[in-house]
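Engineer: this one's sequence-less:
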Ligand code: SF4
């Protein structure tokens, strides 16, 4: 059930009047859940804890999560980002795989080079990898619904031998799919897709291939689903919507599309306050703000502060779900994580206890 909660910021809710400084009133509806999911949080923790335990440099294959602000701040702490393993010199320092997951060939290459790997693949992406393998072992042709070239899709396709996974991106692709074995198919998906688009694609696949096997549990993850639901609740009630996120962040792009389809006249994806084109927001009185799963809260705050310079802002949070999931870090980093958490509890004895680990 949806609930709302007023959070901070002075000024009245929506209205057409101006404050004493002549700024028009702006009601900001802040989507919740928003921002970091458990997989992103774990991946960033892995880099930070690895830096603490092993010192710099720590090598990270691909952007750990799709957010420039996060990547730049980890670079400043000593993380070195590469696209491929061959860019890493001979080293005993850790090499971290990003939250999006990697094809099997990558850990195999790391093994051959004797690299010390810490895997930050989100456990919910690893679940999809396992499904792909199970279906393949059962002799089924795997149909992956996802976006061509996205690192998660590359990683999932790379769990099986080349040429064995059929990638479907759109309803049209599903209509055109030529199956090698039409009675023996299974579908799986990228974790960050539009829930509604995927439903349509699956409907076409099921109509064309009635025996196609479905995943045991939805592959689109809880964080993607929850953020889209929050956007759907806010989008019809606002004049414009900002999704905080990177252009290469799949789940952020989907949030922008969801906002438009849910009736928001103007939905834009921006990375930081400096990207705001103020002409987009002239004359609005209600603004929605959402944030993709790889966008830190500090960027949401930065954007609200920027609006507060132009408008008399009042912020209301619209929460459509509670999230308590967290994932454990790899074994090698647990002692550092525990020491850090004990130190922060001692510094803030009344702080809420960390959420329980749901999975590794
Ligand atoms: S968006 Fe979902 S699958 Fe991706 S890292 Fe977050 S929790 Fe994991």
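Structural biologist: The structure has been received and is ready for your questions. Quantities reported herein were computed from a predicted structural model and do not represent experimental measurements.

Engineer: Got the phi and psi for the one residue in the stretch 51-200 of the chain that gets nearest to the ligand?
Structural biologist: Nearest residue of the stretch 51-200 of the chain to the ligand (C-beta to the nearest ligand atom) works out as residue 122 at 3.1 Å. Bear in mind the C-beta positions are built from the backbone N, C-alpha and C, glycine included. Residue 122 has phi and psi values of phi -60, psi 140 when expressed as degrees, to the nearest 10.

Engineer: Read off the pLDDT value for it.
Structural biologist: Residue 122 carries a pLDDT value of 98.

Engineer: what number of residues lie near it?
Structural biologist: 27 (other C-beta atoms under 10 Å).

Engineer: ok, now how distant is it from residue 258?
Structural biologist: 21 Å (C-beta to C-beta, to the nearest Å).

Engineer: from what I can see the residue of the stretch 51-200 of the chain closest to the ligand touches residue 98, true?
Structural biologist: No: using C-beta atoms under 8 Å, residue 122 makes no contact with residue 98, being 9.3 Å away.

Engineer: show me the contacts for residue 177.
Structural biologist: Applying C-beta atoms under 8 Å, 6 or more residues apart in numbering, one finds that residue 177 lies in contact with 143, 166, 168, 205, 208.

Engineer: Repeat the analysis, applying 7 Å as the threshold.
Structural biologist: Going by C-beta atoms under 7 Å, 6 or more residues apart in numbering, residue 177 touches 143, 166, 168.

Engineer: unless I'm mixing things up, the residue of the stretch 51-200 of the chain closest to the ligand is touching residue 39, no?
Structural biologist: Yes: using C-beta atoms under 7 Å, residue 122 is in contact with residue 39, at 3.0 Å.

Engineer: residues shared between the contacts of those two?
Structural biologist: With C-beta under 7 Å, 6+ apart, residue 122 and residue 39 have common neighbours residue 99.

Engineer: Contact partners for the residue of the chain found nearest the ligand?
Structural biologist: Closest contact between the chain and the ligand, by C-beta to the nearest ligand atom, is at residue 39 (2.5 Å). By C-beta under 7 Å, 6+ apart, the contact list for residue 39 reads 99, 122, 124, 327.

Engineer: Show the pLDDT at residue 137.
Structural biologist: pLDDT, residue 137: 97.

Engineer: roughly how far apart are it and residue 183?
Structural biologist: Counting by C-beta to C-beta, the gap from residue 137 to residue 183 is 18 Å.
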